[in-house]
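Peer 1: pasting the sequence and the predicted coordinates here, then a few questions.
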Amino acid sequence: MSQINRLAHGGRIDRSKPLHFTFNGQAMRGYAGDTLASALIANGVRLVGRSFKYHRPRGIMAAGAEEANALVQLESGRRTLANQQATRIELYEGLSATSINCWPGPNFDLMAVNSWFHRLMPAGFYYKTFMWPAAAWKYYEHFIRRAAGLGVSPKLPDPDQYDQMNVHCDVLVVGGGAAGLAAALAAGRTGARVILADEQAELGGQLLGEQAEINGKPASHWLAAGESELAGLADVTVLKRTTVFGYYDHNFAGMLETRTAKLPNGGATTRQRLWHVRAKRVVIAAGALERPLIFSDNDRPGVMLAGAVRTYLNRYGVRAGSNAVVFTNNDDAYRTAIALKDAGVKGVCVIDTRLAPHGELPTQALQAGIAVIDNSTITGVTGKRRVQSVEVMTLNADASGVIGPARTFPCDLVATSGGWNPVIHLHSHAGGKATFDEARGLFIAADTLQASACIGAANGEFQLNDCLKDGFRAGRDAAAKAGFKKASRRKLPTAAVVDEAPARIIWALPTTKPIGQRGKHFLDLQHDVTVADVQLAAREGYRSVEHTKRYTTLGMATDQGKTGNIPGMAVLAQALGVANPGDVGTTTFRPPYTPVTLGAFAGRNVGPLADPVRMTPMHHWHELAGCKWEDVGQWKRPWYYPKDGESMADAVNRECLAARNAVALLDASTLGKIDIQGPDAAEFLNRIYTNAWSGLAIGRCRYGLMLKEDGMVFDDGVTTRLGENHFLMTTTTGNAAAVLGWLEEWLQTEWPELKVYCNSVTEAWATLTLCGPNARHLLAEFTDDMDLSADAFPFMSMQEGTVGDIPARVFRISFTGESSFEVNVPASYGLALWTQLFNAGEKYGLTPYGTEAMHVLRAEKGYIIVGQETDGTVIPQDLGMQWILSKKKDFLGRRSFARPDSARGDRKQLVGLLTGDPDMVLEEGAQIVAENRNNPPIPMIGHVTSSYYSANLGRSIALALVSSGRDRVGDTVYIPMPGKVISAEVTTPVFIDPQGERLHG
Amino acid sequence: MLLIPCPYCGEREETEFHHGGEAHIERPQDPDALSDAEWANYIFMRTNPKGLFHERWVHAAGCRRWFNMARNTATNAIIGTYKIGEKPPKGAR
């Protein structure tokens, strides 16, 4: 295609640098400096996609972040980006983009049948239609999701890299238009550390699209001089292609910088950077967004914002049409009419809703020979895929209707302007309020919670001269408040002041029939929300703007209603009979201002860097042994060690048998270890644990249970007294950090008088647990300074000595019920000792065992795992652990046992379950009932907490929490599962060695 | 994101801290002297004011010290931070 709409001269594009690209597979050309949107318009492309709900043909309607229609899928494969606004994509060589939300293509779209049924799809259509019966949603959802479409996300990992930056500055200036550039200059000149961020590739903002003059010269001269001065200021950082997408508490801002024009695969650099900025002062010069006039069929391709049409002409040298009508309620759009006329566009005329517009600009337009039709509105648009003509009628006295006769204006472009809305999004993100300016029909930033100010057009200041003044004042002011005062006085730049007459605000323009009965008055182009939808919502009882938004989906599309929200709120106010739209208010503006790639939030924290991996000192040995891993928090723990051809069940059975019949070795290094020292250490443990600690002898160990104040079990573990004022506490692997935090919290906030210090030593020690009848024999080969006999080294005691010439602490504690020795050596010796034990252990049948076998072995003994047998609703009594609750002292959680709930007879209690079929292994989490049936509802009496096949017992075992469980021992209970009911006998939770002979042996 | 003045380290980003709920709730000296309702009140019931609120924070990824903060919950303005055992600063009582 040729660039039929490109002007021969003018604009900021570089005609000496042609660029090739494709749109929907068609080869096209543009120039360096184009956006995809400007290049598409230059190539005569009108239809860029289909609308979300009705699949109506849509064209480009804006030139910036407010674009609602022109969303494209950019590139394909791994780097594809969905729902990108063509107006914000800089053109680059080889760009490839396709339309979204249409199939097979925008010119012929099968889902367009939706528009024939529009009367069946009113506001809240999805709520009304698809919510009943509730069970059917799963059938509807598939259809709706596919029909709704929008872009597709990539199926493969993003190959590009993203960076994150953390910076502080004195003054952050948001927006590099006239006001923002002036503010950055004024603040920068004081020596303040300034960041100027602008979303576009060039500084200038709206100036880039205007034929404005500053100091009597084209504004581009002032822009270039300003940018050059900023470049010479050492403490000023200018970031282009950088959107401040969010503004948060305490002057914190999030910015997304796109690093090259070529958004996907930016060449040798990272694709984007996410900036975290903490600023002393923030100057918001984010400009204003034009809002459309809301008239019948205002969505047709060729209906565009007047300011955008002007930008395409002035900045990109592109005519958006060859035969234009300008439709306005204000003077500003006359600039567009004049520019169109100057560019040789035919038949330019202005439809103005006002009576006899008389300002400076209308006068200029009339002098240029442009026809002005006043006190009129467009009542209809013909042409579905491209505007062909508009019908115009005169407004009646109160603008509630029109009076004939109708006139028809042939045209292929309608440039509309309903006035400009200040971009107060960021101000609102950070809790700022807005007030409604009734005369101008716009929301203005009011009280801010931050050290910030909105200036220029973002503050409703639309005169260039005032924007410049405002900018310099705000920049100086911000720098001064940040502590920078010195700056030489200079003459401020000036621009001609143009006298503009007030606008005439008519939120929904009438047509020949009541609204909704002739064409559609679109408010939200991306979500296809019309004036009739909002009026219907009001009739159905919606009063709150927030509820109406959700019911109609107004402003909930990817553009967040940048063009449609304010007219939508005003329409709601009218429908509710509220005179001042300010009383209805705005919906909450939320970050991000424009969409942010998820990759930018992830930054470099992807793949192996997404989460730290914690490895024990013996990790490498386990890996070589071919173990399967279990993730426990961030730890990698060996799960089981399959030999050649072994299934998981085979391996776990073999490991379990070795632990009870020979000797097995577990890497228990991940258990939390907290070193507790100080003269009040024992008293501290008395308060933290449920049992008493003062009398524990040095070198002795004790099992302890920790509760929260509500009496629920929080953690358990064995703590050993190493000295009079020195204890070593062990915690569960997953709770180690939480327990240390818990201890510190009580010490610091409630008991600061206790002289106790806690320190995590988890990673300082490697823990090797030898378990089984041969454990003592094997260990004896490695030590000559410890007596390992049962008498000299009884259960629940600790000795210090050497193991394999390595200094070691050996604990006789057990989580399996077998005679066990937990050998702790400094972490750096762990692998050496582990290897030595295996070199000598074959004759004893030494077998490594993993966490699965450990779980089976402890379940055989009925030992609980916190977080498996407990879930935050379990008290010690439920577990049959009354014996550990001291009656002689207070401890955390004790008082809660006196609450009636703790004494309830029907509390769930820990029991064992033996299935009728010994090979049937129950599912953990399965619900337990008392009746032998499988037709819910059936009252549940409990659930399975642990369930395994026990090779040592030759049958399955399970632990369960069952209501009044201890009273049910001997009863049969039932576990309904899909297609069957499993019966099981309730037992005590100890399946092996209830007398503890193995343990103490 | 809040900028929190840790009384021990100075201003640090909120991500370094954990919130610890309402401040100045003392553990009863003699829990047995309390009725069930009073005990439940101590464990579970917290105020949720719009405006001035005294709350506990811990500099978890920093000095690991607990401290108190007076914050306006409506604006997130921090009136001041103070060490455990100290009284709230002037203007935050």
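Peer 2: In hand now; what should we look at?

Peer 1: drop to CA atoms for contacts and neighbour counts, all remaining ones
Peer 2: Fine.

Peer 1: let me know the pLDDT of whatever residue of chain A ends up closest to chain B.
Peer 2: With Cα to the nearest Cα, the shortest gap between chain A and chain B falls at A:Asp249, namely 5.1 Å. Here, the pLDDT recorded for A:Asp249 equals 96.

Peer 1: now for A:Met854: which residues touch it?
Peer 2: A:Cys656, A:Phe815, A:Thr816 (Cα atoms under 8 Å, 6 or more residues apart in numbering or on different chains).

Peer 1: so the first one touches A:Gly954, yeah?
Peer 2: So that's A:Cys656. No. Taking Cα atoms under 8 Å as the definition, A:Cys656 is not a contact partner of A:Gly954, at 11.3 Å.

Peer 1: list the buried residues in the longest helix along chain A.
Peer 2: Counting by DSSP state H, the longest helix found in chain A is helix A:464-481. The neighbour-count check on helix A:464-481 (16 or more other Cα atoms under 10 Å in any protein chain shown) flags A:464-480 as buried.

Peer 1: what's the answer for stretch A:513-527, then?
Peer 2: A:Ile515, A:Gly516, A:Gly519, A:Lys520, A:His521, A:Phe522, A:Leu523, A:Asp524, A:Leu525, A:Gln526, A:His527.

Peer 1: restrict the longest helix of chain A to CA atoms and write it as PDB.
Peer 2: Output of helix A:464-481 as PDB, limited to C-alpha atoms (Å, rounded to 0.1, in the frame of the first residue of the first chain):
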ATOM      1  CA  LEU A 464       0.200  27.600  26.800                       C
ATOM      2  CA  ASN A 465       1.400  30.800  28.400                       C
ATOM      3  CA  ASP A 466      -0.100  29.900  31.700                       C
ATOM      4  CA  CYS A 467       1.300  26.300  31.500                       C
ATOM      5  CA  LEU A 468       4.800  27.800  31.100                       C
ATOM      6  CA  LYS A 469       4.300  30.200  34.000                       C
ATOM      7  CA  ASP A 470       2.800  27.400  36.100                       C
ATOM      8  CA  GLY A 471       5.700  25.100  35.300                       C
ATOM      9  CA  PHE A 472       8.500  27.400  36.300                       C
ATOM     10  CA  ARG A 473       6.700  28.400  39.500                       C
ATOM     11  CA  ALA A 474       6.000  24.800  40.400                       C
ATOM     12  CA  GLY A 475       9.600  23.700  39.700                       C
ATOM     13  CA  ARG A 476      11.100  26.500  41.800                       C
ATOM     14  CA  ASP A 477       8.600  25.800  44.500                       C
ATOM     15  CA  ALA A 478       9.300  22.100  44.600                       C
ATOM     16  CA  ALA A 479      13.000  22.500  44.700                       C
ATOM     17  CA  ALA A 480      12.700  25.100  47.500                       C
ATOM     18  CA  LYS A 481      10.600  22.700  49.600                       C
END
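
Peer 1: helices or strands next to that helix in the packing?
Peer 2: Counting contacts by 3 or more Cα pairs under 8 Å, 6 or more residues apart in numbering or on different chains; DSSP states H and E, helix A:464-481 is packed against strand A:162-174, helix A:178-188, strand A:272-284.

Peer 1: now the ones you listed as TSV including mean neighbour count?
Peer 2: Formatted as TSV, the helices and strands packed on helix A:464-481 follow (neighbours: other Cα atoms under 10 Å in any protein chain shown):
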stretch	mean neighbour count
strand A:162-174	21
helix A:178-188	31
strand A:272-284	24
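
Peer 1: identify whichever of those lies nearest to A:Gly94.
Peer 2: strand A:272-284 (19.9 Å; Cα to Cα).

Peer 1: wait, A:Gln535 sits on A:Met569?
Peer 2: No. Contact between A:Gln535 and A:Met569 fails when scored by Cα under 8 Å: they sit 10.7 Å apart.

Peer 1: between those two, which one's more packed in?
Peer 2: Just comparing A:Gln535 and A:Met569: by other Cα atoms under 10 Å in any protein chain shown the higher neighbour count belongs to A:Met569, 27 against 22.

Peer 1: ok but the more buried one is inside a strand, no?
Peer 2: No. With DSSP: H, G, I helix; E, B strand; the rest coil as the criterion, A:Met569 is assigned helix and is not in a strand.

Peer 1: mind putting the helices and strands packed on helix A:464-481 into JSON lines with distance to chain B and mean pLDDT?
Peer 2: Shown next, in JSON lines, are those (distance: least, Cα to the nearest Cα, whole Å; pLDDT from 0 to 100):
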{"stretch": "strand A:162-174", "distance to chain B": "11", "mean pLDDT": "96"}
{"stretch": "helix A:178-188", "distance to chain B": "23", "mean pLDDT": "98"}
{"stretch": "strand A:272-284", "distance to chain B": "9", "mean pLDDT": "97"}
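
Peer 1: just put the ones you listed in JSON lines and tack on distance to B:Pro89.
Peer 2: What follows is these, written out as JSON lines (distance: least, Cα to Cα, whole Å):
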{"stretch": "strand A:162-174", "distance to B:Pro89": "27"}
{"stretch": "helix A:178-188", "distance to B:Pro89": "34"}
{"stretch": "strand A:272-284", "distance to B:Pro89": "23"}
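
Peer 1: to A:Asn24, which of these lies closest?
Peer 2: strand A:272-284 (26.0 Å).

Peer 1: give me the residues contacting the helix or strand just after that closest one.
Peer 2: Moving toward the C-terminus from strand A:272-284, the next helix or strand (DSSP states H and E) is strand A:288-290. The list of residues contacting strand A:288-290 from outside it, by Cα under 8 Å, 6+ apart, reads A:66, A:305, A:307, A:417-423, A:457-458, A:460, A:562-563.

Peer 1: change it to 7 Å
Peer 2: Residues from elsewhere that reach strand A:288-290 (Cα atoms under 7 Å, 6 or more residues apart in numbering or on different chains): A:Leu305, A:Ser417, A:Gly419, A:Trp420, A:Asn421, A:Pro422, A:Val423, A:Ala457, A:Ala458, A:Thr563.

Peer 1: which members of these are the farthest-apart pair?
Peer 2: Largest pairwise distance in the contacts of strand A:288-290, by Cα to Cα, is 18.3 Å, between A:Leu305 and A:Ala458.

Peer 1: excluding chain neighbours, what is closest to the closest residue to chain A within chain B?
Peer 2: At 5.1 Å from chain A, B:Met1 is the closest residue in chain B, using Cα to the nearest Cα. Using Cα to Cα, 6 or more residues apart in numbering or on different chains and skipping residues adjacent in sequence, the residue nearest B:Met1 is A:Asp249, 5.1 Å away.
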